[in-house]
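1. Turn this into a model:
(one chain, ligands or ions: 1)
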Amino acid sequence: MDAAAVALVPAAGRGERLGGRHPKALVQVHGVPLVVHAVRGLLNAGCVRRVVVAAPSSYVDTMRAALADGGAKALVVPGGADRTESVRLALAAALGESPDISIVLVHDAARAFTPPELVCAVTAAVAAGAPAVVPVLPVADTVKRVDANEIVTATVDRADLRAVQTPQGFALDVLRRAYEADGDTTGSHTDDAGLVERIGVPVSTVPGHPAALKITTPFDLAVAEAVFGR
Ligand code: C5P
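-> Okay, the predicted model is just below:
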C-alpha cells in the first residue's frame, strides 16, 4: 500500500455561520484564506501526495487563484449540491487523475491549522491496516439532553463520548463502498466515518489536537488570528 494519502477537501459550502457573503473557505486568517492554510498544512505534512478541493461552482476560478497565490498546489473541481456530493465529485476527480490511490483523507477547510503530526497519524493508522480512522478529543463540557423547549431532560455520561475532528482517513475501497451503499438519496452527511459505520466496518480513533479546531464562528476566527502565527 502506498503510504502517502490523497486528501479531499469539500469546501463548496456557503459558510453562513461566519456571516460572510463568500464561501467560508475563503474567509481569511492573517490575510490568507482558510482553504489555502488547510491545503498548505496537508501538503507540508509530508504524508499527502495530492489534494483535491471541491469549490462552489461559481468560485472555482477564485479558489484556484487563491491557492496558486498562496503556493498551495491542489486540483480544484466544482462541488455538488451538498457535502456528500462534493466528496463524491472530489473522489472521482482524484481517481481520474491517479487510479492507484489507496488511502483517502477527507478534511475540512475550516480545520485550517490542523497539525501535520495529526494528518500523518491518521494516514499512518490507515497504512497500518485500519479501514477507517478519525481523530478524537474527550468532551470537556458536561453534556445534557434537552427537549424542544430547551428544558434539560438528561445528563449524558461523557466518559465514552468523543468529539470528532478531521482529517478522517479511509482505505479507498472502504470509502467507496460506504458512498456506494449510501446511494444518492439520503441527503448530506457531515461525517464520512458515519457512512462507514453504517456498512459495518469498524472506525478506529487516534488522539486529536486542540489546534485542529473547526473555525465556524467569528469567535473561532478571532481565536485563530490570536493563536496561529503568520
Ligand atoms: O454547510 P455545512 O456546514 O453543512 O458544510 C460542511 C462542509 O461541507 C463545509 O466544509 C462545506 O464547505 C462543505 N460543503 C461542500 N459542498 C456543499 C455544501 C457543503 O463541500 N454543497
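2. can we go C-alpha only for contacts and neighbour counts from here?
-> OK.
3. How about residues contacting stretch 139-158?
-> Residues from elsewhere that reach stretch 139-158, judged by Cα atoms under 8 Å, 6 or more residues apart in numbering: A159, L161, R162, A163.
4. Where is the longest helix in this structure?
-> helix 83-97 (DSSP state H).
5. re the thing from before, restrict the contacts of stretch 139-158 to those near the ligand?
-> Residues of the contacts of stretch 139-158 in contact with the ligand (Cα under 6 Å from any ligand atom): none.
6. List just the nearest of the residues you listed to the ligand.
-> Taking Cα to the nearest ligand atom as the measure, the ligand lies nearest A163 of the contacts of stretch 139-158, at 15.8 Å.
7. That closest one - that's part of a strand, no?
-> Yes. Secondary structure of A163 (DSSP: H, G, I helix; E, B strand; the rest coil): part of a strand.
8. residues contacting it?
-> V136, L137, P138, V139.
9. Most neighbours among these, please name it.
-> Neighbour tally across the contacts of A163 (other Cα atoms under 10 Å): the maximum, 20 neighbours, falls on V136.
10. Now do that residue against L213, distance only.
-> 11 Å (Cα to Cα, to the nearest Å).
11. what is in contact with these two at once?
-> The contact sets of V136 and L213 overlap at Q165 (Cα under 8 Å, 6+ apart).
12. Between which two of the contacts of stretch 139-158 is the distance greatest?
-> Pairwise distances across the contacts of stretch 139-158 (Cα to Cα) peak at 11.6 Å, for the pair A159 and A163.
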